[in-house]
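Asks: How does the following fold in three dimensions:
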Amino acid sequence: MSSILKAIEKLKLNVLNVEDVPESFSSDVYKLTLASGENVFVKIPFNKDKLFREFQMLETLKGVIPVPKVLDIWYGDESTTGALLLSAIQGMPCTGDIDEKLSFQIGVYHAMLHEVKTPGYGYHVTDGFKLLDQNNWRLYIKSNFEKWKEPCKEILDSKLYERCILHFDRVFSALPDPDGPCIVHMDFRPGNILVNGNEVAGIIDFESARGGSSEIDFTKVNRYIWEVNPRTKKPFIEGYQSIRPMLALERVLPFYDIYDAFSAVVWCKNRGIEKNQTFLQENILTLRNSVGY
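Replies: Residues are numbered from 1 along each chain as shown. A predicted model of the protein is given here:
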């Protein structure tokens, strides 16, 4: 709580009420009611790179798709990473039923996001845009997976682990050429899509966004939208294709399912297995399903 009090002081806000926002896994997010009656959000990211990444992405996407406005930024000090003061969007996370009309619209906005080009494959850091090694997306994906092997080996059942490694090599070699570099959200799921009635009101949470290949951005759409309600897949793709071509999903999804779940197992290990047990088990199940174990 001390970090939000410090952020309020540094951003010179006159606040009536402070509410913690649940379901914010990486950063601390608070909803503030100001003395004027206006609602705003303060986001205190996990590290400074996330602060700059979100700031740069929101500035880049202003006027392109509906995103929160950055009202102010505090660059932090030795003990706090800093904070973003963000406008409130009139809407709720899209965690209920998604019908065909809404799915079409989500597809349109996802494609509009992917239409925004970046200087290369890479991400914003405190002192600019950092390109990936050799500006190579495939090399980046492969090296991430290599890094995750050791921590995953400690957590996964040995047979499941071996099957994952074999499966990775097979599905990696089947990937189409990467597209981009364009903005990829990296966590494009219903909780980060705000709706008002049956309309998309805004897209939030860009702290992990970067310049990448659009292929990485369909994993959570598939898991949390299409698999929950298969009727949403066709209109989503139609909405997406009204803006830009859709890549070969049947070659992309099997790979990123295992890539994303492997990454999540490591995340749980780093952030605490006990308190993230549910999320860990969800991703172990995804790995089991991916490799048929």
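
Asks: Okay, strands next: where are they in the stretch 101-250 of the chain?
Replies: Listed in chain order, the strands of the stretch 101-250 of the chain (DSSP state E, counting those that start in this stretch) span 122-125, 128-131, 182-184, 193-196, 199-203, 210-212.

Asks: Bridged to the nearest residue to Ile216 once chain neighbours are set aside, which residues?
Replies: Nearest non-adjacent residue to Ile216, counting by C-beta to C-beta, 6 or more residues apart in numbering: Val184, 5.5 Å away. All C-beta spots, glycine's among them, are computed from the backbone N, C-alpha and C. Following DSSP bridges, Val184 is listed with bridge partners Arg210.

Asks: quick one, what contacts Val184?
Replies: Val184 makes contact with Leu113, His114, Ala209, Arg210, Gly211, Gly212, Ser213, Ser214, Ile216, Asp217 under the criterion C-beta atoms under 8 Å, 6 or more residues apart in numbering.

Asks: re the thing from before, could you dump the strands of the stretch 101-250 of the chain into a markdown table and include mean pLDDT?
Replies: Below are the strands of the stretch 101-250 of the chain laid out as a markdown table (pLDDT from 0 to 100):
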| stretch | mean pLDDT |
| --- | --- |
| strand 122-125 | 93 |
| strand 128-131 | 93 |
| strand 182-184 | 98 |
| strand 193-196 | 96 |
| strand 199-203 | 97 |
| strand 210-212 | 98 |
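
Asks: quick one: contacts of stretch 118-129?
Replies: Residues outside stretch 118-129 that contact it (C-beta under 8 Å, 6+ apart): 48-49, 52-53, 55-57, 130-132, 135-137, 140, 180-183, 209-213.

Asks: Let's see that with 10 Å instead.
Replies: 47-57, 59-60, 75, 82, 130-140, 178, 180-184, 186, 206, 208-213 (C-beta atoms under 10 Å, 6 or more residues apart in numbering).

Asks: Asp49 contacts Glu207, doesn't it?
Replies: Yes: Asp49 lies in contact with Glu207 (C-beta atoms under 10 Å); the separation is 8.8 Å.

Asks: Pick out whichever of the two has more residues nearby.
Replies: Glu207 (24 against 16; other C-beta atoms under 10 Å).

Asks: My guess is that one contacts Lys50. True?
Replies: Yes: between Glu207 and Lys50 there is a contact under C-beta under 10 Å: 4.1 Å.

Asks: re earlier: so which of the strands of the stretch 101-250 of the chain gets nearest Val29?
Replies: strand 193-196 (13.3 Å; C-beta to C-beta).

Asks: Go through that closest one and flag the buried ones.
Replies: When burial is assessed from 16 or more other C-beta atoms under 10 Å, strand 193-196 yields the following buried residues: Ile193, Leu194, Val195.

Asks: ok, of those residues, which one's closest to Thr33?
Replies: Thr33 lies nearest to Leu194 out of the buried residues of strand 193-196, by C-beta to C-beta, at 18.4 Å.

Asks: Skip the chain neighbours and tell me the closest residue to that closest one.
Replies: Gly91 (3.4 Å).

Asks: how close does that neighbour get to Asn39?
Replies: 12 Å (C-beta to C-beta, to the nearest Å).

Asks: for Val15, same thing?
Replies: 11 Å.

Asks: Test my guess that Val29 contacts Leu86.
Replies: Yes: in this structure, Val29 is within contact of Leu86 by C-beta under 10 Å, at 8.9 Å.

Asks: mind giving me the domain split of the chain?
Replies: Using automatic domain parsing, the domain parsing of the chain gives 2-88, 93-291.

Asks: what's the burial count for Phe52?
Replies: There are 22 residues near Phe52, going by other C-beta under 10 Å.

Asks: Wait, it touches Ala209, no?
Replies: No: Phe52 lies out of contact with Ala209 (C-beta under 10 Å); the separation is 11.5 Å.

Asks: still on that earlier bit, filter the contacts of stretch 118-129 down to the buried ones and hand me the PyMOL line.
Replies: Selection command for PyMOL covering only the buried members of these, criterion 16+ other C-beta under 10 Å:
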select buried, resi 49+50+51+52+53+54+55+56+57+60+82+131+132+137+140+178+180+181+182+183+184+186+206+209+210+211+212+213
